[in-house]
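*Asks:* Next input, structure requested:
(one chain, ligands or ions: 1)
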Amino acid sequence: MTTAPSVRHWIDGRAHRGSGTATAPVTDPATGEVTGRVALADAADTRAAVASAVAAFPAWRDLSLTKRTRILFRFRELLERGKPELAGLITAEHGKVLADALGEISRGQEVVEFACGAAHLLKGAMTENASTGVDLCSVRQPLGPVAVVTPFNFPVMVPLWFVPIAIAAGNTVVLKPSEKTPSAANALARLLAEAGLPPGVFNVLHGDRTAVDGLLTHPDIKAASFVGSTPVARHVHTTATAHGKRVQALGGAKNHMVVLPDADLAAAADAAVNAGFGSAGERCMAVSVVVAVGGVADPLVAAIAERAARIRTGDGTRANDMGPLVTGQHRDRVAGYVDAGARAGARVVLDGRDVRPDGPAGGFWLGPTLLDHVTPGMSVYTDEVFGPVLSVVRVDTYDEALELVNANPFGNGACVFTRAGGAARRFRREVEVGMVGVNVPVPVPMAYYSFGGWKDSLFGDTHAHGTEGVHFFTRGKVVTSRWPERADGGIDLGFPTTE
Ligand code: NAD
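*Replies:* Numbering: from 1, shown residues only. Next up, the predicted model:
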């Protein structure tokens, strides 16, 4: 489509019309109506965004650390004040309920607060007299212009996993947000500008794969942080590393919740419902599989069904618990997994396909769905569904549960519900995922720890934020110095030793 965009790029400190003529629709998932059009960058727009980040880099790198972090302190305050407006933008394009949108902003804000401590995080080390009269020091320096590519499901939080740390460390950024939920990125750009961020330090390039590939292959982009589905994460990692860039590419998930027979049943059922249906299951840390061990299955399924049936599905701006799915196509895809699961023999305990939402008929609705007797061969088990569908797999023993979780190609998060310390400890040690919960269903680490999965949930070796995030956005340099008081030694071609 070539209609004029209502959501434009943000380049060099201002809205940028761009030369690309293509646009994509922006939709309100609660009504199904097209509410705007987002610009889709062409190659020239991508070059313009990168050129802006390149031009801004030297002065930003050379600005004192104190001045850089003071801008982040101001940004933190503006973010606090801007929460209602930002949450409104998220709900209008993603569909999640306002309380959930506010929650994701708060989690993103925690990374801003972490980055405000950059002075401490960027400190190097020094060794005096490592060799006679020789001192060593290590410093970490910014990389240059970096690309951040983000998914639809957290339009504020996921960009904030990276952007505050990248800029605190002295890098400049081109953010390519999801074209499905583009507006929040521009709001963040305006808040950063208001906080005093110089033009070009943070740019927003809207677009699709053309924009992403343009960034990944651009010689001036030094690193790429990506969050999205596994096939695209793999593509981003392959392409960007082939072009000499540092990459962290976080992919999809299939998070299991193992419930042992001794678990507190009510707490486990509450957790399964909240973690399974929060944000309509469109969270990379959503629980999508409950592994019921032994005799816990029947009472657990009954307790989850009773709770899930009470969830109010509807317009996220009203008093509902769960909003619509992001697009009609995605809703149909998720419903298709329910159809396929039922055909393959799963029992549909609660059927969200029959939902009566509190919202217009044109919204992309699917209510909470509970499938019991799911088996590992079913597509609803093998694939990332990314919707309000909770699958229950029944196993006889703890060993079987652990084998099931570890056989899954994804390794984002997993949790165990039990009262037994030994069982929990074994899970913590043996489960092959990056983030583990013990009686905690969505174990999202705090900003000062790092977020990331294993296996097909992360390509590259560095997780997001925390000390790994600081490491990702900086590179090390070690300086060896000697200040001889007099010229001595003469010519010596021997290997330097530490005497
Ligand atoms: P997506 O992979 O479709 O899109 C992510 C980003 O990549 C978007 O900006 C999109 O424009 C771009 N993109 C899409 N196709 C591309 C292609 N072929 N080449 C280059 N770029 C492309 O993901 P989504 O649907 O927006 O988000 C949902 C996915 O993100 C889920 O799989 C979810 O698990 C995952 N996710 C993971 C995490 C995590 O931390 N691991 C967090 C949030 C979301």
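*Asks:* how close does the residue of the stretch 201-350 of the chain found nearest the ligand get to residue 235?
*Replies:* Closest approach between the stretch 201-350 of the chain and the ligand, counting by CB to the nearest ligand atom: residue 228, at 2.7 Å. Using the backbone N, CA and C atoms, a C-beta is placed for each residue, glycine as well. In this structure, residue 228 and residue 235 are 10 Å apart, going by CB to CB, to the nearest Å.
*Asks:* What of residue 448?
*Replies:* Applying CB to CB to residue 448 and residue 235 gives a distance of 31 Å.
*Asks:* Residue 23 too?
*Replies:* Using CB to CB, residue 23 is found at 24 Å from residue 235.
*Asks:* Which one's more surrounded, the two?
*Replies:* It is residue 23, of residue 23 and residue 235, that has more neighbours when counted by other CB atoms under 10 Å, with 22 against 19.
*Asks:* Phi and psi next, for the more buried one.
*Replies:* Here is the backbone geometry of residue 23 (degrees, to the nearest 10): phi -140, psi 160.
*Asks:* what sits opposite it in the beta ladder?
*Replies:* Applying DSSP bridges to residue 23 gives these bridge partners: residue 39.
*Asks:* Quick check, residue 250 in contact with residue 455.
*Replies:* No. Contact status for residue 250 versus residue 455: not in contact, 11.9 Å apart, counting by CB atoms under 8 Å.
*Asks:* what does the stretch 251-400 of the chain put close to the ligand?
*Replies:* By CB under 6 Å from any ligand atom, the part of the stretch 251-400 of the chain that sits against the ligand consists of 251, 252, 253, 284, 384, 386.
*Asks:* Can you get me a residue count around residue 340?
*Replies:* For residue 340, using other CB under 10 Å, the count is 14.
*Asks:* Kindly report the same for the one 5 residues further on.
*Replies:* When neighbours are defined as other CB under 10 Å, residue 345 has 11 of them.
*Asks:* where in this protein is pLDDT low?
*Replies:* The chain contains residues with pLDDT under 70 at 1-2, 487-489, 498-499.
*Asks:* domains for it, by residue range?
*Replies:* Domain assignment for the chain by automatic domain parsing gives 6-251+457-479, 255-438.
*Asks:* Now render those domains as a markdown table, adding distance to residue 494.
*Replies:* Formatted as a markdown table, these follow (distance: least, CB to CB, whole Å):
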| stretch | distance to residue 494 |
| --- | --- |
| domain 6-251+457-479 | 13 |
| domain 255-438 | 47 |
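*Asks:* So what sits opposite residue 293 in the bridge?
*Replies:* residue 395.
*Asks:* Which of the residues of the stretch 251-400 of the chain next to the ligand are buried, as a PyMOL select command?
*Replies:* The command below creates a PyMOL selection of those among these that count as buried (16 or more other CB atoms under 10 Å):
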select buried, resi 251+252+253+284+384+386
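*Asks:* Ramachandran coordinates for the residue nearest to residue 287 when sequence neighbours are not counted?
*Replies:* In this structure, residue 287 finds its nearest non-sequential neighbour in residue 275, 4.0 Å apart by CB to CB, 6 or more residues apart in numbering. Residue 275 adopts backbone torsions of phi -80, psi -20, taken as degrees, to the nearest 10.
*Asks:* is it true that residue 275 touches residue 257?
*Replies:* Yes. Using CB under 8 Å, residue 275 is in contact with residue 257, at 6.9 Å.
*Asks:* what touches both of these two?
*Replies:* Between them, residue 275 and residue 257 share these contacting residues under CB atoms under 8 Å, 6 or more residues apart in numbering: 287, 441.
*Asks:* And the strands in the stretch 51-200 of the chain, which stretches?
*Replies:* Here the stretch 51-200 of the chain has its strands, by DSSP state E, counting those that start in this stretch, at 125-131, 134-142, 145-149, 172-176.
*Asks:* The stretch 251-400 of the chain now?
*Replies:* 255-259, 287-293, 347-350, 369-372, 389-395.
*Asks:* Just the angle for the second one relative to strand 389-395, thanks.
*Replies:* With axes from the mean of the first three to the mean of the last three CA atoms, to 10 degrees as the basis, strand 287-293 and strand 389-395 are set at 20 degrees to each other.
*Asks:* repeat for the first one
*Replies:* In this structure, strand 255-259 runs at an angle of 50 degrees to strand 389-395, with the same axes, to 10 degrees as the basis.
*Asks:* For strand 255-259, which outside residues touch it?
*Replies:* Residues from elsewhere that reach strand 255-259 (CB under 8 Å, 6+ apart): 268, 271-272, 275, 285-293, 296, 300, 398, 401-402, 404-405, 408, 410, 412-418, 427, 433, 441.
*Asks:* show me what contacts the closest residue in space to residue 374 that isn't next to it in sequence?
*Replies:* Leaving aside its sequence neighbours, residue 374 sits nearest to residue 391 (CB to CB, 6+ apart; 3.9 Å). For residue 391, the contact set (CB under 8 Å, 6+ apart) comprises 288, 289, 290, 341, 346, 371, 374, 378, 380, 381.
*Asks:* Residue 391 bridge partners, please.
*Replies:* With DSSP bridges as the rule, residue 391 is bridged to residue 289, residue 371.
*Asks:* So for the residue minimising distance to the centre of the chain, what's the nearest residue that isn't a sequence neighbour?
*Replies:* Nearest to the mean C-alpha position of the chain, by CA atoms, centre = their mean, lies residue 158 at 4.2 Å. Leaving aside its chain neighbours, residue 158 sits nearest to residue 150 (4.5 Å; criterion: CB to CB, 6+ apart).
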